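> Show me how the following folds:
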Amino acid sequence: MVYIPEGEFLSRIGPTDFFKDLQTYAGPNAVREWRTLLDAILPLSTAAMALPPLSIRGDWGVLSTAGARYAPSLLKSFAQMGPKGALGATKLLRPFSEIIDSLGIKDPFILNWVDLLAFLLAGVKSDGVLSAEMIYMFSEWYKPGCCLEYPIHGSGAVVDALVRGLKKFNGRLSLKSHVENIVVEDGRAIGVKLRGGQFVRAKKAVVSNASMWDTVNLLPKEVVPKPYQEKIKATPQCESFMHLHLGFDAEGIREDLGIHHIVVNDWERGVDADQNVVLISVPSVLSPNLAPPGKHVLHAYTPGTEPFELWEGLDRRSNEYKELKAQRSEVMWKAVERALGPGFDREKCEVKLVGTPLTHQRFLRRNRGTYGPAIKAGKGSFPGHSTPISQLFCCGDSTFPGIGVPAVAASGAIVANTLVSVSQHSELLDAVGI
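Just a heads-up that it's a prediction; the model follows:
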């Protein structure tokens, strides 16, 4: 469900139902402009998806795994679009707002909605997100016949599957293994030292998925070139998060409760304003096994809009910290009450956990609890995956393609591809059928 100043509606996957919602909450002009937008960008999705992220690697082997392998499909997609469409495809690496502007989209609801989608996808509004990312998302959400998939047993099942794959190929996963620093000898990353003193030697490379700021802090200062340090220091950051985790009795909660809810309090403030947008997930709606019988679990959060400055330097045991937690979490409580309806009573919750930017910083080892780099398309680009330190690679939201689960997954795949031979990489592409 989507709760906006104009009202509330169930945002469904596919184009038809959203047209009805637009007609109700924004009017016929919004319907016309939305149709114009879809007609212009959905054909571009063929080009955006013609080069699978799994084909990319960080060396010259990309000419084989991506260039030679997918050039025919790329050329075919350009030919099908015609000269005008092919020209539009050149905007894929530009901000999505440029496509919006070129189409003359002016309706406030459409502009706000697109900004919301962009922000939820990549942590920036439409003037900062790559058109390729948005067009890929649009093709997944608004093409006829599309659907939204949800993993059985919740998102944790995805993690379980990844662990099974790791073990299948003789990988080892070490939990509760706090990395103290990355060990560098003769300019090469040779392993990591854990907090307990254990040294883990790298056979091929060290790969860090920590943020760029945290990765640099794990390295001996003397081995990091000053220009590299200065570039990272100058990179702007997204804000942090507030979290609300709840466990409560399902009795009295409406039976048609949906799993996902978006609450926007004020369009005028912007979707990136603090205390304005709240996202809510109730995974036990689709996966009852995630909670005890007759119970629900819920996670609400403000998506990368909570200023770290409000929390910096506070003692987590102090009354000041506790009071600020209560104050800054109220917007999430109100959003939950709106989404769950009168059957929900916050006082009857059996589990109440509030997370702050300091929680984010501590548990995730994120510099200032940040969502990631605030790099806008057209004004900067996310770094690649190699570093000035030989055999040290980076992946995650501080690297290309950027912020968000799809982009981060792609970055990990790119580094993994780079560390195997071109023939092994090609065999993988054959095995997965792309």
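> hmm, what's the outermost residue in this protein?
Asp186 (36.1 Å; CA atoms, centre = their mean).
> Return the residues in contact with that one.
Not one residue lies near Asp186 by CB atoms under 8 Å, 6 or more residues apart in numbering. The way it works is simple: take the backbone N, C-alpha and C, and place the C-beta from them, glycine included.
> mind checking pLDDT for the nearest residue to Ser208 once chain neighbours are set aside?
Leaving aside its sequence neighbours, Ser208 sits nearest to Thr215 (CB to CB, 6 or more residues apart in numbering; 4.5 Å). For Thr215, the pLDDT comes out at 97.
> got it, and Ile403?
88.
> Tell me the spacing between it and Cys238.
Separation of Ile403 from Cys238 (CB to CB, to the nearest Å) stands at 7 Å.
> what's the answer for Tyr228, then?
On the measure of CB to CB, Tyr228 and Cys238 end up 21 Å apart.
> Which one's more surrounded, those two?
Cys238 (22 against 16; other CB atoms under 10 Å).
> In stretch 212-226, which residues are buried?
212-219, 223-224 (16 or more other CB atoms under 10 Å).
> and what of stretch 261-268?
Neighbour counts using 16+ other CB under 10 Å place 261-265, 267 of stretch 261-268 among the buried residues.
> Check stretch 60-73 too.
Buried positions in stretch 60-73, judged by neighbour count with 16+ other CB under 10 Å: 61-62, 65-66, 69-70.
> Give me the residues contacting that stretch.
Residues outside stretch 60-73 that contact it (CB under 8 Å, 6+ apart): 50-52, 55-57, 417, 421-422, 425-426, 429.
> Ends of that stretch, what's the gap?
Across stretch 60-73, the terminal residues are separated by 20 Å (CA to CA, to the nearest Å).
> same deal with stretch 46-54?
Stretch 46-54 has an end-to-end distance of 16 Å (criterion: CA to CA).
> still on that earlier bit, among the buried residues of stretch 261-268, which one sits closest to Glu140?
Ile262 (17.0 Å; CB to CB).
> ok, the closest one - contacts?
Contacts of Ile262 (CB under 8 Å, 6+ apart): 1-3, 11, 116, 120, 277-280.
> What of Leu37?
Taking CB under 8 Å, 6+ apart, one finds 100, 103, 105, 110, 114 in contact with Leu37.
> Surely the last one is within a strand?
No: under DSSP: H, G, I helix; E, B strand; the rest coil, Val114 sits outside any strand and is assigned helix.
> So it is in contact with Ser126, correct?
Yes: counting by CB atoms under 8 Å, Ser126 is a contact partner of Val114 at 5.0 Å.
> Residues that sit against both of those two, list them.
96, 100, 134.
> Among those, name the ones in strands.
Among those, none falls in strands (DSSP state E).
> Quick one: buried ones out of the contacts of Leu37?
Once neighbours are counted (16+ other CB under 10 Å), the buried part of these comes down to 100, 105, 110, 114.
> For Ile375, what is the enclosing helix or strand?
Ile375 belongs to no helix or strand when elements are defined using DSSP states H and E.
> and it, what does it touch?
Ile375 is in contact with 128, 235-236, 381-382, 402, counting by CB under 8 Å, 6+ apart.
> Ser284 versus Lys295, what's the distance?
Distance from Lys295 to Ser284, counting by CB to CB: 7 Å.
> Report the set of residues contacting both of those two.
Both Lys295 and Ser284 are contacted by Ala250, under the criterion CB under 8 Å, 6+ apart.
> So the two - more neighbours on which side?
Using other CB under 10 Å as the criterion, Lys295 and Ser284 rank with Ser284 on top: 20 against 16.
> how about that one, phi and psi?
Note on Ser284: its backbone torsions stand at phi -70, psi -10 [degrees, to the nearest 10].
> Grab the nearest non-local neighbour of it.
Sequence neighbours aside, Ala291 is the residue nearest to Ser284 in space, at 4.1 Å (criterion: CB to CB, 6+ apart).
> Can you show me the CA trace of the helix or strand hosting Gln327 as PDB?
Assigning secondary structure by DSSP H and E places Gln327 in helix 319-340. Extracted C-alpha coordinates of helix 319-340, given in PDB (Å, rounded to 0.1, in the frame of the first residue of the first chain):
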ATOM      1  CA  ASN A 319      19.000  10.000  28.800                       C
ATOM      2  CA  GLU A 320      19.600  12.500  26.000                       C
ATOM      3  CA  TYR A 321      20.200   9.600  23.600                       C
ATOM      4  CA  LYS A 322      17.100   7.700  24.800                       C
ATOM      5  CA  GLU A 323      14.900  10.900  24.500                       C
ATOM      6  CA  LEU A 324      16.100  11.500  21.000                       C
ATOM      7  CA  LYS A 325      15.400   7.900  20.000                       C
ATOM      8  CA  ALA A 326      11.800   8.300  21.300                       C
ATOM      9  CA  GLN A 327      11.400  11.600  19.500                       C
ATOM     10  CA  ARG A 328      12.900  10.600  16.100                       C
ATOM     11  CA  SER A 329      11.200   7.200  16.000                       C
ATOM     12  CA  GLU A 330       7.700   8.700  16.400                       C
ATOM     13  CA  VAL A 331       7.300   9.300  12.700                       C
ATOM     14  CA  MET A 332       7.800   5.500  12.200                       C
ATOM     15  CA  TRP A 333       5.300   4.700  14.900                       C
ATOM     16  CA  LYS A 334       2.700   6.900  13.300                       C
ATOM     17  CA  ALA A 335       3.300   5.400   9.800                       C
ATOM     18  CA  VAL A 336       2.900   1.900  11.200                       C
ATOM     19  CA  GLU A 337      -0.300   2.900  12.900                       C
ATOM     20  CA  ARG A 338      -1.600   4.400   9.700                       C
ATOM     21  CA  ALA A 339      -0.700   1.300   7.700                       C
ATOM     22  CA  LEU A 340      -1.900  -1.400  10.200                       C
END
